[in-house]
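Chemist: Please find the sequence and the predicted model below.
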Amino acid sequence: MSGYLWALSMDGTAGIMGNDIDLDLSFSDLLDDLDFALSLRFESHKGNLGYFLDGMAIRLKPETSTPAGTISQEVNSFIGEVGGIYHFNPKVEGIYGVRYQAMDVEVDLPGMTVGGDVDWADIFVGLRYVPVRTDKWHVWLRGDVGGGDSDITWNGVLGAGYHFNNRWMLGGAYRILVNDFEQDGFKWDVNYEGVAVILGYTFQPR
């Protein structure tokens, strides 16, 4: 089990009922607007098989000043994954599952308020490659592609972890998640990317 902080940035276009908003938010921008964040991951393995659960919830309250007035937003976002793992060999793992995303956005524009909530799910498949796995270190590279409710999604992770003992691990990773979703007047063509800090605990000693 691990908890992690993803220092993400957002770049792309969000749209509600034809009102498009260009997003170009660095981690420092998001940190200023952050109201709540929680991220957890659980992974289990037995023989050649395994499974994982991953969830991240964020609430943002950004404000933007324009010549016409202040634009206030409240964004509640959840990204969850559930899936399976198949170990082809000690270094290569197949991964597959479902990625679920939910978004609740409310935007206060000068003279009007627009908003809505939407959720969507995509099936994904990919690989995880572990070129280094020792008593102290492991390095991994994950890539997957998915689709379903979205036109397409891409996800990539490069990470490394240091094991202090047979239970505790401290690591870091760089992740990018590319979204291309549009449905019922809601658009979320937004890319997430950034560095994550990971603290892991193993229930079964290594």
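Modeler: In hand now; what should we look at?

Chemist: What count of nearby residues applies to residue 122?
Modeler: The local packing count at residue 122 equals 23, with neighbours defined by other CB atoms under 10 Å. C-betas here are computed from N, CA, C, even on glycine.

Chemist: Correction: the previous question concerned residue 101.
Modeler: Counted by other CB under 10 Å, the residues lying close to residue 101 total 22.

Chemist: To which secondary structure element is it assigned?
Modeler: When elements are defined using DSSP states H and E, residue 101 is found to belong to strand 92-109.

Chemist: Pull up the pairing partners for the helix or strand just after that strand, direction included.
Modeler: Where DSSP H and E defines the elements, the next helix or strand beyond strand 92-109 is strand 112-133. Based on DSSP bridges, the pairing partners of strand 112-133 within the sheet are strand 92-109 (antiparallel), strand 137-148 (antiparallel).

Chemist: Put the alpha carbons of strand 112-133 into PDB.
Modeler: The C-alpha coordinates for strand 112-133 follow below in PDB (Å, rounded to 0.1, in the frame of the first residue of the first chain):
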ATOM      1  CA  MET A 112     -23.800  34.200 -14.900                       C
ATOM      2  CA  THR A 113     -22.900  30.900 -13.300                       C
ATOM      3  CA  VAL A 114     -22.400  27.700 -15.400                       C
ATOM      4  CA  GLY A 115     -21.500  24.300 -14.200                       C
ATOM      5  CA  GLY A 116     -22.200  20.600 -14.300                       C
ATOM      6  CA  ASP A 117     -20.900  17.200 -13.200                       C
ATOM      7  CA  VAL A 118     -20.000  14.300 -15.400                       C
ATOM      8  CA  ASP A 119     -18.200  11.000 -15.000                       C
ATOM      9  CA  TRP A 120     -16.700   8.600 -17.500                       C
ATOM     10  CA  ALA A 121     -14.900   5.300 -17.700                       C
ATOM     11  CA  ASP A 122     -12.300   3.800 -20.000                       C
ATOM     12  CA  ILE A 123     -10.800   0.400 -20.400                       C
ATOM     13  CA  PHE A 124      -7.000   0.400 -20.700                       C
ATOM     14  CA  VAL A 125      -4.200  -2.100 -21.500                       C
ATOM     15  CA  GLY A 126      -0.500  -1.600 -21.200                       C
ATOM     16  CA  LEU A 127       2.800  -2.900 -19.900                       C
ATOM     17  CA  ARG A 128       5.000  -2.200 -16.900                       C
ATOM     18  CA  TYR A 129       8.800  -2.800 -17.300                       C
ATOM     19  CA  VAL A 130      11.000  -3.200 -14.200                       C
ATOM     20  CA  PRO A 131      14.600  -3.100 -15.400                       C
ATOM     21  CA  VAL A 132      16.000  -2.800 -11.800                       C
ATOM     22  CA  ARG A 133      14.700  -4.900  -8.900                       C
END
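
Chemist: quick one: contacts for the residue lying closest to residue 97 once chain neighbours are set aside?
Modeler: Spatially, and ignoring its direct neighbours in sequence, residue 97 is nearest to residue 83 (1.9 Å; CB to CB, 6 or more residues apart in numbering). When the contact criterion is CB atoms under 8 Å, 6 or more residues apart in numbering, the partners of residue 83 are 51, 52, 95, 96, 97, 98, 124.
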